[in-house]
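In: just a sequence and a predicted model for now, questions to come.
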Amino acid sequence: MVCRTTVTGLFLVKNLITMKNKFIAVLFFLSGQLIGQGLDGDKISTNKGDLIIKPVLHGTLAVEWDSKVVYVDPYGGAEVFEGLPTPALVLITDIHGDHMDVKTLDALDLSKTTLVVPPGSRRPTSG
């Protein structure tokens, strides 16, 4: 039986993959430079270990696979990410505020995080 959260997570990942930025999904799955600290969420078994999807808020999710942690569209302030591992990669799928939330990005410690943003964008800052 598949729980609703798993279906939601799969829907969000499917939408990410079907967007113009398919290269982002490839980057996520093939990158060997990211180090994760462990994430709790819905699990999908793969031949390289579990793919873990944790819906966070709105269209935001955290994903871990092969010890790699990625935040997708961080939104809602740093407090909604408390207790989650620091991401090595942040994917921004759109320039709208509920995808590229500058206040949330500024509030998170992303000093060692790679940001992947839509073409034509630059690293978002509030000041």
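Out: Great, that's in hand.

In: drop to CA atoms for contacts and neighbour counts, all remaining ones
Out: Will do.

In: buried set for the strand or helix carrying residue 106?
Out: Assigned by DSSP states H and E, residue 106 belongs to helix 102-107. If you call a residue buried by 16 or more other CA atoms under 10 Å, then helix 102-107 has these buried ones: 102, 103, 104, 105.

In: what is the burial count for residue 78?
Out: Applying other CA atoms under 10 Å, we find 15 residues neighbouring residue 78.

In: that one contacts residue 102, doesn't it?
Out: No. If you go by CA atoms under 8 Å, residue 78 and residue 102 don't touch, sitting 11.1 Å apart.

In: point out where the protein drops to low pLDDT.
Out: Residue ranges of the chain with pLDDT under 70: 1-39, 121-127.

In: so where do the helices sit in it?
Out: Using DSSP state H, the helices of the chain run over 4-18, 22-30, 102-107.

In: wait, residue 44 sits on residue 64?
Out: No. Between residue 44 and residue 64 there is no contact under CA under 8 Å: 10.5 Å.
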